[in-house]
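# Here is a sequence with its predicted model. Questions after.
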Amino acid sequence: EVQLLESGGGLVHPGGSLRLSCAASGFTFRNYAMSWVRQAPGKGLEWLSEISGGGDSTYYAGSVKGRFTISRDNSKNTLDLQMNSLRVEDTAVYYCTYGTFYAGSHDNWGQGTRVSVSS
Amino acid sequence: DIQMTQSPSSLSASVGDRVTISCRASQGIAYSLAWYQQKPGKAPKLLLYGASTLESGVPSRFSGSGSGTDYTLTISSLQPEDFATYYCQHYYGTPYTFGQGTKLEI
C-alpha cells in the first residue's frame, strides 16, 4: 500500500524558515517524480514544485522560486521541501504527491502538513 | 504559464441530476488534463486523467471529454457522496496549474 507521510509543519514568523519532509513507502520511490502541492485556508490547490526520480531535475512555481528548494534522498525514500523567507501568504496545508502514470497527474497524496506563518 | 479557468465556481444540484463542469486552458494542452474531487479536510482524489481516462476505482458516472483548450467533467447521476469541490489541472509541462475549483452543493 502506498503511503506518503508529511511532517515538519508548524508555526513560523514571517521571514523564517521551515523544512517539510515526506516519508514514502509502498512503491519504488526512485522511479517516480515527486511534487509538493499546497492549499491555503479556504482556497484552491497550488502546485509548488517537482523533482525527477533521480533528483537531477527540479521545477518550481513562480510564487516560490528562489525561496523554496525541493530535494530527495532515494536511499531513505524521503522528499523534502526547504522553505525560506516565509510569508504570511505561505500559510497552507502542504501535500506530498506523485503520479503513477504521468508525473503531473497526481493519483497519490499524503494527508498534508499544516504551515502557519504569522507574527 | 498556462492559466486554467473553471466554471461555474459553485453549483447547486440534487441527487440524480446530471451536472457538467467546464475547464478552459489559456493554450492547447493536448489532453494533459486531470480532474480531482476534494472533500472538506481531505486530500484531493484523482478522478480522471488524460482528459477522459477514468482512474481505477472511480465510478463510471464520472466522465470527461474535450480537446485543445476546452474540457468538461460530467457526473451523469449525482449521488450523495458526490457533493464536494472539483478541480481541473493541466500537466502539459511545468508549472502545472489548477482551476479555481467548483463547489458542488445540494
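Structure's in. What do you need?

# Chain A against chain B: which residues are in contact?
A:35, A:44-47, A:50, A:59-62, A:95, A:99, A:101-107, A:109-112 (C-beta under 8 Å from any C-beta of the partner chain). (Each C-beta comes from the backbone N, C-alpha and C, glycine too.)

# Show me where chain A has its strands.
Counting by DSSP state E, chain A has strands at residues A:3-7, A:10-12, A:18-25, A:34-39, A:45-51, A:58-60, A:68-73, A:78-83, A:92-98, A:108-109, A:113-117.

# Of all the ones you listed, which one is nearest B:Tyr36?
Each of those has some distance to B:Tyr36 by C-beta to C-beta; the shortest is strand A:45-51, at 7.5 Å.

# Quickly run through the sheet partners of the closest one, with directions.
Counting by DSSP bridges, the strands paired with strand A:45-51 are strand A:34-39 (antiparallel), strand A:58-60 (antiparallel).

# Touching the first one from outside, list them.
It stands for strand A:34-39. Here strand A:34-39 makes contact (C-beta atoms under 8 Å, 6 or more residues apart in numbering or on different chains) with A:20, A:22, A:24, A:45-51, A:68, A:70, A:72, A:79, A:81, A:90, A:92-98, A:103-104, A:106, A:109, A:112, A:115, B:96.

# so how far is that strand from its chain's centroid?
5 Å (C-alpha atoms, centre = their mean, to the nearest Å).

# pull the CA atoms of that strand into PDB?
What follows is strand A:34-39, C-alpha atoms only, in PDB (Å, rounded to 0.1, in the frame of the first residue of the first chain):
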ATOM      1  CA  MET A  34       7.500  13.800  -6.700                       C
ATOM      2  CA  SER A  35       5.700  17.100  -6.200                       C
ATOM      3  CA  TRP A  36       4.600  19.400  -3.400                       C
ATOM      4  CA  VAL A  37       1.100  21.000  -3.700                       C
ATOM      5  CA  ARG A  38      -0.400  23.400  -1.200                       C
ATOM      6  CA  GLN A  39      -3.800  24.700  -0.200                       C
END
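
# buried residues in that strand?
Judged by neighbour count (16 or more other C-beta atoms under 10 Å in any protein chain shown), strand A:34-39 contains these buried residues: A:Met34, A:Ser35, A:Trp36, A:Val37, A:Arg38, A:Gln39.

# what pairs with the most centrally placed residue in chain A across the strands?
In chain A, the centroid-proximal residue (C-alpha atoms, centre = their mean) is A:Trp36; its distance is 2.9 Å. When assigned by DSSP bridges, A:Trp36 has beta-bridge partners A:Ser49, A:Cys96.
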